[in-house]
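> generate a structure from the sequence data that follows.
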Amino acid sequence: MGDQQKTGNQGEVLAQTFLERKGYTLEAKNYRYGKGEIDLVMRAADGWLVFVEVKARKNDFYGNPEQFVSRNQIRQIQKAAEGYLENNGWTPKIRFDIVAILLTNPPQLEHLEDAF
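Below you'll find the predicted structure:
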């Protein structure tokens, strides 16, 4: 497993734990549809279905983690979300969040709701 993949996996575990502590429940992890992948599909306590992009970085030398979500990546995530909804039932309350993580000691997490 490459260093970048380890960083991503570590970030996903931290993000899932962080969101679960906020009352979210996990519906799916690393959901793939076509070329897109959704890191976490979570259900918020208020009923919203939340598609979460996790961005983890070891440092912020080149910018904050959330700045690395490209327009192309957003389109792929949105298409994957459509696939998820088709396969698992449509729901009117959905949103797209980003959990940005700096893997410092201790890690710094920022939850950006309705990010795109």
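
> C-alpha from now on. contacts and neighbour counts both.
Noted.

> ok, residue 28 - contacts?
Applying C-alpha atoms under 8 Å, 6 or more residues apart in numbering, we find residue 28 in contact with 40-42.

> repeat that with 7 Å
40-41 (C-alpha atoms under 7 Å, 6 or more residues apart in numbering).

> okay, and it sits in which element?
Element membership for residue 28, per DSSP states H and E: strand 25-33.

> all helices of this structure, in order?
Using DSSP state H, the helices of the chain run over residues 3-21, 71-88.

> so which of those helices gets nearest residue 61?
helix 3-21 (15.7 Å; C-alpha to C-alpha).

> pLDDT on the strand holding residue 28, on average?
Strand 25-33 comes out with an average pLDDT of 97.

> wait, residue 40 touches residue 25, no?
No: taking C-alpha atoms under 7 Å as the definition, residue 40 is not a contact partner of residue 25, at 10.1 Å.

> so between the two, which is more surrounded?
The neighbour comparison of residue 40 against residue 25 (other C-alpha atoms under 10 Å) goes to residue 40, with 23 against 18.

> buried residues in stretch 29-47?
29, 31-33, 36-44 (16 or more other C-alpha atoms under 10 Å).

> any idea which of the helices of the chain scores lowest on pLDDT?
Among the helices of the chain, helix 3-21 scores lowest, at a mean of 89.

> helices or strands up against that one?
Using 3 or more C-alpha pairs under 7 Å, 6 or more residues apart in numbering; DSSP states H and E, the elements in contact with helix 3-21 are strand 49-57.

> and the strand it packs on, which strands flank it?
strand 36-43 (antiparallel), strand 94-102 (parallel) (DSSP bridges).

> nearest residue to residue 68 in space, please, no chain neighbours.
Closest residue to residue 68 apart from its sequence neighbours, by C-alpha to C-alpha, 6 or more residues apart in numbering: residue 55 at 7.5 Å.

> isn't that neighbour right up against residue 102?
No: between residue 55 and residue 102 there is no contact under C-alpha under 7 Å: 8.6 Å.

> with distance to residue 60 added, can I get the helices of the chain in CSV?
Listed next are the helices of the chain as CSV, based on distance: least, C-alpha to C-alpha, whole Å:
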stretch, distance to residue 60
helix 3-21, 14
helix 71-88, 20
